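Peer 1: Requesting a structural model of the entry that follows:
(chains A, B, C and D)
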Number of protein chains: 4
Amino acid sequence: MGKIPCAILGCTGLVGQFFVKLLYNHPFFEIGLLTASESSKGKRLGELLEWGDKGNFSEELKGKEIKVTSVIEILNSGVKVVFSALPSSIAGPVEGELREKGLFVFSNSSFYRMDPHVPIMIPEINPNHIFLCEAQREKFGGFILTNSNCTTSGLVLSLKPLLDFGVKRVFISSYQSISGAGRKGLPSMDILGNLIPYIKDEEEKIERETKKILGSLKDGKIEAMDIDLIANCCRVPVRIGHLESVVVELERDFSLEEIFNAFDNFQGVPQEAKLPSAPEKPLIVRQEQNRPQPELDSDAGTPERAKGMAVSIGRIRKRGKFLSFFLLVNNLIRGSAGGSVLNAEFAYYKGILGR
Amino acid sequence: MGKIPCAILGCTGLVGQFFVKLLYNHPFFEIGLLTASESSKGKRLGELLEWGDKGNFSEELKGKEIKVTSVIEILNSGVKVVFSALPSSIAGPVEGELREKGLFVFSNSSFYRMDPHVPIMIPEINPNHIFLCEAQREKFGGFILTNSNCTTSGLVLSLKPLLDFGVKRVFISSYQSISGAGRKGLPSMDILGNLIPYIKDEEEKIERETKKILGSLKDGKIEAMDIDLIANCCRVPVRIGHLESVVVELERDFSLEEIFNAFDNFQGVPQEAKLPSAPEKPLIVRQEQNRPQPELDSDAGTPERAKGMAVSIGRIRKRGKFLSFFLLVNNLIRGSAGGSVLNAEFAYYKGILGR
Amino acid sequence: MGKIPCAILGCTGLVGQFFVKLLYNHPFFEIGLLTASESSKGKRLGELLEWGDKGNFSEELKGKEIKVTSVIEILNSGVKVVFSALPSSIAGPVEGELREKGLFVFSNSSFYRMDPHVPIMIPEINPNHIFLCEAQREKFGGFILTNSNCTTSGLVLSLKPLLDFGVKRVFISSYQSISGAGRKGLPSMDILGNLIPYIKDEEEKIERETKKILGSLKDGKIEAMDIDLIANCCRVPVRIGHLESVVVELERDFSLEEIFNAFDNFQGVPQEAKLPSAPEKPLIVRQEQNRPQPELDSDAGTPERAKGMAVSIGRIRKRGKFLSFFLLVNNLIRGSAGGSVLNAEFAYYKGILGR
Amino acid sequence: MGKIPCAILGCTGLVGQFFVKLLYNHPFFEIGLLTASESSKGKRLGELLEWGDKGNFSEELKGKEIKVTSVIEILNSGVKVVFSALPSSIAGPVEGELREKGLFVFSNSSFYRMDPHVPIMIPEINPNHIFLCEAQREKFGGFILTNSNCTTSGLVLSLKPLLDFGVKRVFISSYQSISGAGRKGLPSMDILGNLIPYIKDEEEKIERETKKILGSLKDGKIEAMDIDLIANCCRVPVRIGHLESVVVELERDFSLEEIFNAFDNFQGVPQEAKLPSAPEKPLIVRQEQNRPQPELDSDAGTPERAKGMAVSIGRIRKRGKFLSFFLLVNNLIRGSAGGSVLNAEFAYYKGILGR
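Peer 2: Numbering: from 1, shown residues only, chains lettered A, B, ... in the order given. Predicted structure coming up:
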């Protein structure tokens, strides 16, 4: 069986470039269509790439022409699978229409994340939410499946193994890299040598997405988890990787050894199924007293194709009933493009991509 | 009456340079002696200065010779007041001996901070702890009075007005600038474009110093306040200014307006006494949604001599019984050199500098 | 005689904010009108300021309403003197029309710099070019007087004292700070931890503006100096201050002492006239082997009002007939807003502001 | 035939870590011994690694014990080939003694670079200088072969193809990353958001090493090339990659097309011999107007093993008889560890490693 052709929408932004990187030579998918906004019309991918590849692509891929994002263009291309790095304003109508035309949309946009029909998926955590995709297929023909907000992805992966201890309340302060604001989203005068303790809508996203991802199925719906979560977000002058300072109030008493083991042994369906982008260990416990660090841990994850898919956790300490630690997540891989690629691999594995 | 001559010990480090800057043309004190380690012996201040002044000092001050730090040298100089920016290892014996010789030591060193005879003072908060200095005088002849750890200084200033609401528990994550590690303390490969979620002993200092500063007098001793405090500290690539993400669990219900007013109206003895380095408002509430920021708020404080002595607070939010906010403190001024200068002004005002 | 009321056009950008800072409490001028683009309409200055002041302005100034930039608005305000921080595209028509209405425009825009009627002035260098303003007055009623490109300003100040040695050829490589690209001109992903060896039109500006500024009068026109100049420009991750590596081929043999003296003794009309923003020494020779540095030398210049107006020069070396050195210029003060303020002070001193 | 066992001296510094990375799984060599200073004694490589690998090494390599650098230890290990990342002060006696014991030392130290018996080799440029190694073998038993200074390596690779045009004079201004100062060589307060226009001995090294590398053989000696070279060096806040602004005065007239072709077609013995670390193209000409940039071009070079071995050149312009361009060289790979690895591969290929 051949590879499944796919489209990458918004391929010239940062997340789009990482979609190209991660889907290049992918064992399940092949890049059939690349789209971007009007300003890139007619250009070749090779002229536009900056970060995703740094020059390792084949001449064929570099020579691929960029089309303007439109539903017609996508339908004409014949692809059934779509990776979307569109901005929210465009993602709403485009992704919705593609779903109605029977396409399978793996989206980094926040537009549909809180839609009750649409799951926010991290397949190590909530693989059973995939049933919503099946329900969408019945209703619309296609489906939309979203990855979470970048900061949320790291946090919720760290919380999953803690659920056995009873997660009562979570305090998180973030140290978010500039790439989280997109290719041109953050002026350098704002952030060089500076900190900005505000990221629009970020704290709200973290709080509500975490509850949805950890939610349970009830009567064909996801019921959000009841968990108190207080997030304070801050932009820092780092290029890639979001660091998070986390304090969790646990209901059950615990030893540090139990926590280490819970993190270290954590695995999910992607690991069992050996999906191509699944890291052998989704959580990597660092024993050094000064880790994780963006410069050293952003690319964590084995094998090669899972680089940037593992979350690093360090400085794990017990303070009474509170557990505190720092975690680092690669916001461009696990936190966005890689998250959707893993979702697509999981959908493929579940056999819901329609062949 | 003339000005009181003083010595600055360790004048070539970052904190030392700020002592020079803040004591230059001071209305109460004049710089009588400058000391540093052996390697600066015989040099002139002007050859060594980098940050404290950037070239605004008089030729007389720049031409002053640096002496090697030693008790003999200090005693011979005839000064009674000493500002110490010595590293802890040296501060222990030197400051202790100076106290026994009847000198008044205002120290940025952490060595004596947890000594039950020695107060950690922020005169807006615990002016009554000054009685310990009088007790030291009786016992030793002189006294040692310390400023707090840099991160602690900002935190405890923000907590003081909240005590009326019942402070039950405090969670703080710090974003600490590189100047906190001293002139040469942090290699650039460690921190440029990177984050280090570990600062040796910092979390412990914040936790114990906060409790002591907020402590009350009982039977001639300071009884530490009973408060739960969890600190996670991180170094960030910023030059000056420590940002802190703070969540406080309050016992009493509260409105945001009450909190605004409590912060905005907060004043203490230094303000009443109009001490030279006392900021008109010790806490400056920022209404903008993206403040405080190190680049914009590190120098907060009026009048001119109080620049860097005010703590800026922003993003104040209520989440149930929890209050959350970000604060920014200038780690080199309010958080170290300026803290001790204010302490000395306060001691002068209290008339305990021996004249 | 009262102060001369003036307008600041484009007051919310970086250069505009520095115009406000430098003209606040100015001995000759007072701020009568502030304008910006449509998006700031109706806002108060205090809401918009970030860098120029950091909170030192009077409540009156902070409360001043921002008007939308238009010729009508400016004429209605009754000001005769205008400081323009407009982008080139708008500067062309607006400044031209103001000149025809008899106003005196001190502009940071590059639009009219190469116009043969308009001087690019650095009053320490080419005060005699002011005659062109008089010629403009006769022709148009008002005049336009421009400051030079930011990098040019530092370079040409260093070249002026070298003319006696015969400047044959100049090689310059620049290290330009991000503030040179304006408030939002440079995305952080472009420059954080990175270098960009390209600044649009910059090298051309340096090459042609230098020749014009150093040009001599002939038959009522400026004849550009014949000088070979090769500039390579690069953006670096620094906030304020442009560093320049300069190699000059001199016609006459020279000793380093001669060069030191030529730089150190260099003065011009602004110094003789003691203009408020004129630095006592326009060129400050640094003897240390590792200066100038942006962090230490960007604010060079005395007295207080001339901070950032002096150019620092260091690492002066002789290599055969070549002289090499590094210089640092504050691109927001001497290189833009301060340059035009000094020009206006000079015009005032020359009595050509119409009273 | 099996791989040749080798030692890496000073394996814990930055260059040392890159030696480990580049020699791991190398087709010709295998790591037999790792040494460092007393402070690392007895530790395992895995505890010490930070940058070279980021976690990709085998457990076997990570478990390898670090020995203390000493001639005895090295001789006892039985290796014949040694890669040295020792500081100059130690390199002198250690490398000299190893040579006398018959070992082949590939050194990044500057100690022996200007020794007339020892070549500074870049095998694309001066492969014939290898004869000096044969001469050393005869005299001492072993030999020392050095790679050049990091900045020099990029410059001289760009000059080699220009020799046909007659290189008369070279002006270079450097933008050197902090990793060039070693793991802990540069305090963060010196360079964060700052520039330092001084690097000890760097300009002298560039000037004299360039002349030696381009030198020709005469009577069994290398005669330095007669070339005028003026270098101004500056440290910039970038992690990896040295950018250089270069202006070359050529004797022959030239067209840009000729220069493009000369750069683009440039190849040497390593390419012909397909040495493992030889980049297919030693010089990569960038056509974009804003390249090369450290973030995008530091890893230039194909195949995989040659990443960081290609020098990127851009902004090539003709100004009369002067040619100007920017180049970027990876200071840790082509400019140090990779340079010596390529030298060792070349020596292996020439059959002078003694088997």
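Peer 1: Hmm, A:E223 and A:K211 touching each other?
Peer 2: No - under the criterion of CB atoms under 8 Å, A:K211 makes no contact with A:E223, lying 9.5 Å away. For the C-beta atoms, the positions are set from N, CA and C on the backbone; glycine is no exception.
Peer 1: Who has more neighbours out of the two?
Peer 2: Applying other CB atoms under 10 Å in any protein chain shown to A:K211 and A:E223 shows that A:K211 carries more neighbours, namely 18 against 12.
Peer 1: Now for that one: which residues touch it?
Peer 2: A:224-227, A:229 (CB atoms under 8 Å, 6 or more residues apart in numbering or on different chains).
Peer 1: Buried residues in stretch A:151-167, which are they?
Peer 2: A:151-162, A:165, A:167 (16 or more other CB atoms under 10 Å in any protein chain shown).
Peer 1: does it come close to chain B?
Peer 2: No - using CB under 8 Å from any CB of the partner chain, we find that stretch A:151-167 stays clear of chain B, coming within 13.4 Å at best.
Peer 1: for the record, mean pLDDT for that stretch?
Peer 2: The average of the pLDDT scores along stretch A:151-167 is 98.
Peer 1: Check stretch A:76-88 too.
Peer 2: Stretch A:76-88 comes out at a mean pLDDT of 96.
Peer 1: Go through that stretch and flag the buried ones.
Peer 2: So, applying 16+ other CB under 10 Å, buried residues of stretch A:76-88: A:77, A:79-86.
Peer 1: Among the residues you listed, pick out the one closest to chain D, please.
Peer 2: A:A85 (20.0 Å; CB to the nearest CB).
Peer 1: just the helices in the stretch 101-250 of chain A please.
Peer 2: A:131-140, A:150-159, A:188-191, A:202-213 (DSSP state H, counting those that start in this stretch).
Peer 1: What mean pLDDT does the shortest one get?
Peer 2: Along helix A:188-191, the predicted local confidence has a mean pLDDT of 96.
Peer 1: does it come close to chain C?
Peer 2: Yes - under the criterion of CB under 8 Å from any CB, helix A:188-191 makes contact with chain C via A:188-191.
Peer 1: The most far-flung residue of chain A relative to its centre and A:L250, how far apart?
Peer 2: No residue in chain A sits farther from the centre than A:G320, which is 32.7 Å out by CA atoms, centre = their mean. In this view, A:G320 and A:L250 are 10 Å apart by CB to CB, to the nearest Å.
Peer 1: Span of stretch A:126-134 from start to end?
Peer 2: In stretch A:126-134, first residue to last residue: 15 Å (CA to CA, to the nearest Å).
Peer 1: who's in contact with it?
Peer 2: Contacts of stretch A:126-134 (CB under 8 Å, 6+ apart): A:104, A:117-121, A:143, A:145, A:213-215, A:217, A:220, A:222, A:268-269, A:346-347, A:350, A:352.
Peer 1: buried stuff in that stretch?
Peer 2: A:126-127, A:129-130, A:132-133.
Peer 1: And the residue of chain A closest to chain D?
Peer 2: A:G193 (4.3 Å).
Peer 1: what about the nearest residue to that residue once chain neighbours are set aside, neighbour count?
Peer 2: With sequence-adjacent residues excluded and distances taken as CB to CB, 6 or more residues apart in numbering or on different chains, A:G193 is closest to D:G193, at 4.3 Å. Neighbours of D:G193 under the rule other CB under 10 Å: 26.
Peer 1: Make sure D:G193 is actually in contact with C:V236.
Peer 2: No - checked against CB under 8 Å, the pair D:G193 and C:V236 is beyond contact range at 9.8 Å.
Peer 1: what sits in contact with each of these two?
Peer 2: D:P237.
Peer 1: Run the chain-centre distance for the strand or helix carrying A:A91.
Peer 2: In this assignment (DSSP states H and E), A:A91 forms part of helix A:88-100. Distance of helix A:88-100 from the chain centroid (CA atoms, centre = their mean, to the nearest Å) equals 19 Å.
Peer 1: can you pull the buried residues of that helix?
Peer 2: Neighbour-count burial for helix A:88-100 [16+ other CB under 10 Å]: A:90-91, A:94-99.
Peer 1: same check, this time on stretch A:272-288
Peer 2: Quick answer for stretch A:272-288 (16+ other CB under 10 Å): A:273, A:275-279, A:281-286.
Peer 1: Distance to chain B for the residues you listed - can I get that in a markdown table?
Peer 2: Converted to a markdown table, those look like this (distance: CB to the nearest CB, whole Å):
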| residue | distance to chain B |
| --- | --- |
| A:A273 | 33 |
| A:L275 | 30 |
| A:P276 | 30 |
| A:S277 | 26 |
| A:A278 | 26 |
| A:P279 | 21 |
| A:K281 | 20 |
| A:P282 | 20 |
| A:L283 | 16 |
| A:I284 | 15 |
| A:V285 | 14 |
| A:R286 | 10 |
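Peer 1: Export those residues to CSV and append columns for pLDDT and secondary structure.
Peer 2: Converted to CSV, the buried residues of stretch A:272-288 look like this (pLDDT from 0 to 100; DSSP: H, G, I helix; E, B strand; the rest coil):
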residue, pLDDT, secondary structure
A:A273, 98, coil
A:L275, 98, coil
A:P276, 98, coil
A:S277, 98, coil
A:A278, 98, coil
A:P279, 98, coil
A:K281, 97, coil
A:P282, 98, coil
A:L283, 98, strand
A:I284, 96, strand
A:V285, 96, strand
A:R286, 94, coil
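Peer 1: Can you tell me which of those lies closest to C:S37?
Peer 2: A:S277 (45.9 Å; CB to CB).
Peer 1: Skipping adjacent residues, who's closest to the closest one in space?
Peer 2: Per CB to CB, 6+ apart, closest to A:S277 is A:L342, 4.7 Å.
Peer 1: Look up how far chain B lies from that neighbour.
Peer 2: 25 Å (CB to the nearest CB, to the nearest Å).
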